[in-house]
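Asks: Provide a 3D model corresponding to the input given below.
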Amino acid sequence: MTEVRPCSAASASLWERDAELTVVTEAVDALCADSSSSASGSLLVFSGEAGIGKTALLGETRRIAQRRGCTVWSARGGETVTSVPFNVVRQLLQPALVSLMPEEAREYLGDWYEVAGPALGITEPGERQADPQGVCDGLVVAVSRFAKREWPLVLLIDDAHWADQETLHWLAAFCERLDDLRVLVVAARRPISTLSELTPTATAGLTRATIGAHADAAFCREVWAVTAGNPYETVELLAKVQDSQLEPVEASAAELRALNRSARGHGLVARLEGLGIEATRFAWAAAILGTGITVDLVARLATLRREEAARCAELLSVARILTEPDRASHQGDDGELEFVHPLIATAVYRSIPDGLRTAMHGIAAQVVTDSGLGAAAASRHLLEVHPDDDEELVEQMREAAREHLAVGAPEAARRCLERALLEPPLPEVHPYVLYELGCATLLTSPATTVGYLQAALAMPGLQGDDRVDAVYRLSQALLHNDQLDQAVRTVDEEAARLAPGPSRMRLQAVHYMWEGIHAAAEDSPIRSRELAELAATCTGRDNSERALLILRGFDAMTHGENAEEVVELCDRALVNGRLAPGLGWTDTEWGIELLLMLGSAYAYTDRLDRAESLFTEGLRAYESAGWSGGHLALAHAYVGLAHRRRGRLRDAETSLRESLRLAERVGRGLPLYWSATCGLVDTLLARGHVEEAWSIAERYGFAPPYPSTIVLPDTRSVRGRLLLAVGRYEEGVNELEAAQKASAGRGHHTVLAPWAGDLARALATDDPRCAAELATTARRQAELIGTDTAVGEALRVAAALETGQRATALHAQAVTYLESSPCAYEHAAARVEYGIATRSVAELKRGLTLARSCGADGLAAQAQEVLDHGRGLR
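Replies: Here you go, the predicted model:
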């Protein structure tokens, strides 16, 4: 290796880092290539123990990048500020944010301004709890847009192991986008050591480069032995050698160990104490603050006069303990000072006596609050304070939690509320803190929510609407935790306690809602009758009554009752054709499930215009609010369902693939994951892309066991059709028969679980009698619900089982009905089948045109094949 002598002490830690610097140089060169090229961004991570030289490598990366004309933004995690949400990403974006006027920032970030702005501290949060995934996505978009403006851009993150959780979430998401972004991200972290210590040879070279060529071999060997080759400790020790004017010869080598102890740990503490009690108090206060260190704040925390504090800052700077931030690097926060190295910050912080450290955090919280920085900023200090039955602290932590939730940091809110519980709260406040904890964790940890809400409800004090809301949220969490039976029991037990009125009616509606989507529940005519009787008393005067009307409409649809009556029930739940206030997609009183049931009732009664409008409204509402987790995944899935029903198969596939992408981030196995996967497999089968449908099913686990909630389209029906399509006849028939059994158990109509048509066609040869019975039952059920789509599809099945003129007549009837249906794919299929039955070129061409417009490639290919090679066409 060619030994490159560092030109200054600042680069001394770069000895024996040629390989790493080569990688950095190559990455910067690639970034700075022609901006019109298709090169992607990249990620470099330097891992190593404390003092091994990570910070020095990042510093040299900055210099290399800046020499190439790059924009460089940097940030650093901190041991004492890991609980501050978005701390590191805010540091990173500070240069861009301070360069923009508020109006410019709003214009630049567009729709994401209201979502990501509060997390970045450039705008006030809205009234609703922010979706953490939406905020993360907004931050990804924000940095991506800045990257295009600032190209070539390099992001440096030091001490990433101390970055806050919210920043790490953003960083992971952002790095997934590097294939599409021209950004170089360089991070340094502990604890996995991939950077090696300095060798004795390099230590000797560094010693002579720093002190002088006259340093003898024995002295250099002792420097290496004392520091174990740690670059940071070597640099600090050599600085102490220079300060003490120690001769670098063998006779002085014995003094090196004492000098090294004074540069760190207890030796550093002794050195600090040697500067005087005021300087020590100043350093302690700076360590407590951790970030945003200013002379004024430290003076207030350390109870020093302003002039005295300024003198201490100067002393600590001379002693290489504190320094001014490198403004050219734009690193850090708004502070005037920072510690020279994280190791020093850690040593100073840990040197503060335990009791005093705790007390200082309490004072720091008050100082931060008095400075107008808010409860959230003060909360990281209050987290360190011992419990002491302090009512004010409980309220401060509750307020801090609300502030954290408003910017999309539920984990930070959870920490605040859990700390409030330790105080503990007053008996009358305690259940409300538990309730707030349950609400805070609902989006991120349903299982945790269950425990907190159950505890809140078990305590006296939670009353009225708050208690009813807690019961509803508990049942929601149980549902998302796949405990649907317990969710229903929880609601029923609370409803039984209540007198007749709006609260009881709300819980009754929730009971029917959960039972309505319970896939394993046995059909109960009594249940449907009770729901019908309850809904008959409703005029839609409040949201509880509107919810019951929706639930009655959905139940009627699933049981195949007359479509006009279903639609009339659903329409009564609207106000002038729109969702009532409090029943919107982002309102939390009822949740998304009710509105999905409303849209599904419209979709399966041929009112696809209303279904599509409703689902699209939900999609836009979630995008506007920045909700990009499970809610947005479901919205895309149901927009895909509407497209699939309309026969817009390409659009359906696009929506469902996006739904599946979002569902993957939330977690496999949840009902929303099944909705996306099942809908995509169904759409691919309709398009004739059988191999891709099978690939999706295999990749995403589309197989038993199925979820406990209803999935649209029906999972067993779709999987049975898939198995038949790939030639696994026996398995396909078994799956469709299982779908038949499950639907019979729930009393579901074949329009919701369309297994009958596929099963009848599959059994046509081996068991024609059973096939005919299935076709007859399907037609009878279709005539009861009365939609053109249901009747037309039943006629298609009947025609497939017949021959000759009888088959032709049934095909003609199917075309007539489906021509009036909003479901274009089914119409196209009926046209092609009719054209084949009648050998009609005109009908085949009509079917071919329709199939192509739908994106039904397999159907179009079938029609084209008959037109090209069919005999007897006329």
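
Asks: in stretch 698-705, what counts as buried?
Replies: Under the neighbour-count criterion of 16 or more other CB atoms under 10 Å, stretch 698-705 has 700, 702 buried. All C-beta spots, glycine's among them, are computed from the backbone N, C-alpha and C.

Asks: Run the chain-centre distance for it.
Replies: How far stretch 698-705 lies from its chain's middle: 23 Å, per CA atoms, centre = their mean, to the nearest Å.

Asks: now the nearest residue to residue 131 once chain neighbours are set aside: how far from residue 677?
Replies: Leaving aside its sequence neighbours, residue 131 sits nearest to residue 627 (CB to CB, 6 or more residues apart in numbering; 4.1 Å). Per CB to CB, to the nearest Å, residue 627 is found 21 Å from residue 677.

Asks: can you check residue 234 too?
Replies: Per CB to CB, residue 234 is found 56 Å from residue 677.

Asks: ok, back up a step: the residue nearest to residue 131 reaches residue 129, doesn't it?
Replies: No. The criterion here is CB atoms under 8 Å, and residue 627 misses it with residue 129 at 9.8 Å.

Asks: and the two? which has more neighbours close in?
Replies: residue 627 (28 against 23; other CB atoms under 10 Å).

Asks: so the more buried one sits in a helix?
Replies: No. Applying DSSP: H, G, I helix; E, B strand; the rest coil, one finds residue 627 to be coil, outside a helix.

Asks: Report pLDDT for it.
Replies: On pLDDT, residue 627 comes in at 85.

Asks: How about the contacts made by it?
Replies: Applying CB atoms under 8 Å, 6 or more residues apart in numbering, one finds that residue 627 lies in contact with 131, 133, 134, 586.

Asks: Swap in 10 Å and give it another go.
Replies: 115, 128-135, 137, 443, 585-586, 592, 618, 621, 633, 635 (CB atoms under 10 Å, 6 or more residues apart in numbering).

Asks: Show me just the buried residues among those residues.
Replies: Burial by neighbour count, 16+ other CB under 10 Å: within the contacts of residue 627 this picks out 115, 129-135, 137, 443, 585, 592, 618, 621, 633, 635.

Asks: So for the most centrally placed residue in the chain, what's the nearest residue that isn't a sequence neighbour?
Replies: Note on the chain: the residue nearest the mean C-alpha position is residue 133, at 3.1 Å, using CA atoms, centre = their mean. Ranked by CB to CB, 6+ apart and with sequence neighbours excluded, the top spatial neighbour of residue 133 is residue 629, at 3.9 Å.

Asks: ok, now residue 159?
Replies: Spatial nearest neighbour of residue 159, excluding adjacent residues (CB to CB, 6+ apart): residue 77 at 4.1 Å.

Asks: How about the contacts made by residue 751?
Replies: 557-558, 560, 563, 604-606, 778, 781-782, 784-785, 787, 789-790, 793-794.

Asks: now swap in residue 794 and tell me
Replies: Here residue 794 is in contact with 750-751, 756-757, 760, 775-783, 810, 813-814, 817 (CB under 10 Å, 6+ apart).

Asks: And the pLDDT for it?
Replies: pLDDT for residue 794: 96.

Asks: Please identify which helix or strand holds it.
Replies: Element membership for residue 794, per DSSP states H and E: helix 788-800.

Asks: how about the helix or strand hosting residue 698: buried residues?
Replies: In the assignment (DSSP H and E), residue 698 maps to helix 690-699. By 16+ other CB under 10 Å, the buried positions in helix 690-699 come out as 690, 693, 694, 696, 697.

Asks: what's the answer for stretch 70-83, then?
Replies: Neighbour counts over stretch 70-83 (16+ other CB under 10 Å) mark 70-78, 80-83 as buried.

Asks: Quick check: which of the residues you listed has the minimum pLDDT.
Replies: Lowest confidence among the buried residues of stretch 70-83: residue 80, with 82.

Asks: wait, which of the buried residues of helix 690-699 is closest to residue 56?
Replies: residue 696 (48.5 Å; CB to CB).
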